[in-house]
Every structure is written in structure tokens, then in C-alpha cells.
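Visitor: Coordinates for the following, if possible.
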Amino acid sequence: MNSALPGMNPEHLELLLTREMPYGKYKGRKIADLPGHYLNWFARQGFPKGEIGRLLQLMQEIDHNGLKDLLVPLRHRA
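Guide: Sure, this is the predicted structure:
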């Protein structure tokens, strides 16, 4: 599969739809459903370490590049 973003794989996309933000204003919201301005804030301030940080960074790249449609087929499977 050709990835739209380097280092991205289908498992990462699925995690965006299942992992919830563990803290902050959007605690409990799926990473894929976080607003762009919030993702951009992390891009400016620095992403947290670990899996959540990697997923936030991936989602910010997807959002910034207008690639949210990549998640549509996965949403329909859920």
C-alpha cells in the first residue's frame, strides 16, 4: 500500500479512530475527531511523548494536508 504520509500504516489510521484523548479540554474524544486548531496548537507547542504524541502528530498531518477522507472507509467498518 502506498502511504499518503511517510511512516503511516493502516493500523495507525485505525488507532486514530479508537484512541481517546486522555486529558485536557477534549478528554474522551477520539483522536480522529479532535479539531484542527487543537492539533495545530500541539504542532506549535510540541507533541507529547509516546503513542498519544505520535497519533496527535499523525492526525495533525492528515488534517493539515486535507487527507481526512483516508479515515472514511475505516469509520464505515466500525
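Visitor: which one's the longest helix in this structure?
Guide: Among the segments of the chain that qualify as a helix by DSSP state H, the longest is helix 50-64.
Visitor: can you list contacts of that helix?
Guide: 5, 8, 12, 15-16, 19, 21-22, 31-32, 34, 36, 39-40, 42-43, 47-48, 67-68, 70-71 (Cβ atoms under 8 Å, 6 or more residues apart in numbering). Every C-beta, even on glycine, is put in place using the N, C-alpha and C of the backbone.
Visitor: Could you give me the buried positions within it?
Guide: By neighbour count on 16 or more other Cβ atoms under 10 Å, the buried set for helix 50-64 is Ile52, Leu55, Leu56, Gln57, Leu58, Met59, Gln60, Glu61, Ile62, Asp63.
Visitor: Switch these over to TSV; also include distance to Arg75.
Guide: Output for the buried residues of helix 50-64, formatted as TSV (distance: Cβ to Cβ, whole Å):
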residue	distance to Arg75
Ile52	20
Leu55	16
Leu56	19
Gln57	21
Leu58	16
Met59	14
Gln60	19
Glu61	18
Ile62	13
Asp63	15
